[in-house]
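Colleague: below: sequence and its predicted model.
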Amino acid sequence: GAVVSQHPSRVICKSGTSVKIECRSLDFQATTMFWYRQFPKKSLMLMATSNEGSKATYEQGVEKDKFLINHASLTLSTLTVTSAHPEDSSFYICSQTRGNTEAFFGQGTRLTVV
Amino acid sequence: SQQGEEDPQALSIQEGENATMNCSYKTSINNLQWYRQNSGRGLVHLILIRSNEREKHSGRLRVTLDTSKKSSSLLITASRAADTASYFCATASNNNDMRFGAGTRLTVKP
């Protein structure tokens, strides 16, 4: 069964609104989780590393005020896309890794901003 | 940012043929993983190979890793139409973040 649960799987929002995506670790206390973004027919791009109890680490070119990450507990990280615009439409996916083992990915969230 | 390149970007073969995809990366790694993704769907983990391993098998999959060349290959033998998907390699470094290659879009024709 899934060990990382991501919600919602799909969301359509109006331009200018904010959208929150949740990523839950179901069976593991994750001090670190990762957020990725994927454009159609493209690869996954790491956006940020979510650290429990501290600030997220953002990759170069990713606006931290645009993509707010909160990792308030060991089982939940959230990504909020603030003041969404059509160009933010994308597939967002979270993951966690456990030492030198495979990564576990959420199911992904397809965001469409209209 | 992405870790490296995958080669080829697109591959089209007939059912029953073998498919080979290559991946190169730039930094030192703990392990390298291969994933498949059907169109618009999530990722499916295929196989993980650690930095001290050179080859690994799983069913019809064979993965090699050459850390001196910073490259890996994924071989799918006796391909099936259901293998049609995008395949990505991803590398994990010491801080556990994963960097993905550009991916190979595989089409297996029945």
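Modeller: Yes, it's here. This structure is a prediction, so every number in the text was calculated from the model and none was measured. Numbers count the residues shown, from 1 in each chain, chains lettered A, B, ... in the order given.
Colleague: just checking, B:K56 touches B:I47?
Modeller: Yes - using CB atoms under 8 Å, B:K56 is in contact with B:I47, at 6.0 Å. Heads up, the C-betas are built off the backbone N, CA and C, glycines and all.
Colleague: which residues do these two both contact?
Modeller: Residues touching both B:K56 and B:I47 (CB atoms under 8 Å, 6 or more residues apart in numbering or on different chains) are B:V63.
Colleague: tell me which element A:W35 is part of?
Modeller: For A:W35, the host element (DSSP states H and E) is strand A:32-38.
Colleague: ah, wrong one, I meant B:S86
Modeller: Going by DSSP H and E, B:S86 is in strand B:85-92.
Colleague: touching chain B at all, stretch A:35-53?
Modeller: Yes - contact of stretch A:35-53 with chain B (CB under 8 Å from any CB of the partner chain) involves A:36, A:41-46, A:49.
Colleague: if you rank the residues you listed by neighbours, which is first?
Modeller: A:L44 (27 neighbours; other CB atoms under 10 Å in any protein chain shown).
Colleague: and that one, what does it touch?
Modeller: A:36-38, A:93, B:43, B:88, B:90, B:100.
Colleague: for the chain, give me the ranges with low pLDDT.
Modeller: Using chain A. A:1-2, A:99-100 (pLDDT under 70).
Colleague: you answered for a different chain; I wanted chain B.
Modeller: Checking chain B against pLDDT under 70 turns up B:1-4.
Colleague: so which bits of it are right by chain A?
Modeller: Residues of chain B found near chain A (CB under 8 Å from any CB) are B:1-2, B:30-31, B:33, B:40-43, B:45, B:48, B:50, B:88, B:90, B:92, B:95-103, B:105.
Colleague: among those residues, which are in strands?
Modeller: The strands, defined by DSSP state E, take in B:31, B:33, B:43, B:45, B:48, B:50, B:88, B:90, B:92, B:98-100, B:105 from these.
Colleague: among those residues, which two are most distant?
Modeller: B:R50 and B:R105 (27.1 Å; CB to CB).
Colleague: re earlier: so what strands line up beside the strand holding B:S86?
Modeller: Partners of strand B:85-92 in the sheet, by DSSP bridges, are strand B:31-37 (antiparallel), strand B:98-100 (antiparallel), strand B:104-109 (antiparallel).
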